[in-house]
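>>> pasting the sequence and the predicted model now:
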Amino acid sequence: DLEWEDKSDNERSFEIQRRRPGGSWATIATIGPDRESYEDRGLEEDTTYEYRIRACNNAGCSDYSNKSKATTDDD
């Protein structure tokens, strides 16, 4: 699971992006407010992914978070 700390008190959604290192970012989910985790499914085995998140509201979206890296198991 991807987890973060919700430091916003007025977000309407969170936008989650993923890429393979060196690849292009793609939005994989837009989820509701007051969430602090997301389960990314359907990933390839033994593969590294990078993630970033931003909060959005009626005024626009925040800057993206620092990127986080995770590698899937080779079941």
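Perfect, thanks for sending it. Keep in mind the model is a prediction, meaning the values are calculated, not measured. Numbers count the residues shown, from 1 in each chain.

>>> C-alpha from now on. contacts and neighbour counts both.
OK.

>>> so where's the longest strand in the protein?
Longest strand in the chain by number of residues (criterion: DSSP state E): strand 48-57.

>>> buried residues in that one?
Using 16 or more other C-alpha atoms under 10 Å as the test for burial, strand 48-57 gives Tyr49, Glu50, Tyr51, Arg52, Ile53, Arg54, Ala55, Cys56.

>>> my read: the first one touches Lys69, true?
Pointing back at Tyr49 there. Yes - using C-alpha atoms under 8 Å, Tyr49 is in contact with Lys69, at 5.7 Å.

>>> which residue is nearest the centroid of this protein?
Geometric centre of the chain, nearest residue: Ile16, 3.2 Å, by C-alpha atoms, centre = their mean.

>>> which SS class is that residue?
With DSSP: H, G, I helix; E, B strand; the rest coil as the basis, Ile16 sits in strand.

>>> renumber starting at 51 from here on
Understood, numbering begins at 51; the last thing we discussed is Ile66.

>>> list the contacts for the closest residue to it other than its chain neighbours?
Leaving aside its sequence neighbours, Ile66 sits nearest to Ile103 (C-alpha to C-alpha, 6 or more residues apart in numbering; 4.6 Å). By C-alpha atoms under 8 Å, 6 or more residues apart in numbering, the contact set of Ile103 is Phe64, Glu65, Ile66, Gln67, Tyr114, Ser115.

>>> with Arg69 instead?
Counting by C-alpha under 8 Å, 6+ apart, Arg69 makes contact with Trp75, Ala76, Tyr99, Glu100, Tyr101.

>>> columns distance to Arg91 and pLDDT on top of those, output as a markdown table?
A markdown table is the format used below for the contacts of Arg69 (distance: C-alpha to C-alpha, whole Å; pLDDT from 0 to 100):
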| residue | distance to Arg91 | pLDDT |
| --- | --- | --- |
| Trp75 | 17 | 98 |
| Ala76 | 15 | 97 |
| Tyr99 | 12 | 97 |
| Glu100 | 14 | 97 |
| Tyr101 | 13 | 97 |
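
>>> farthest pair in these?
Ala76 and Tyr99 (11.5 Å; C-alpha to C-alpha).

>>> now for the two: what residues contact both?
Shared contacts of Ala76 and Tyr99, counting by C-alpha under 8 Å, 6+ apart, come down to Arg68, Arg69.
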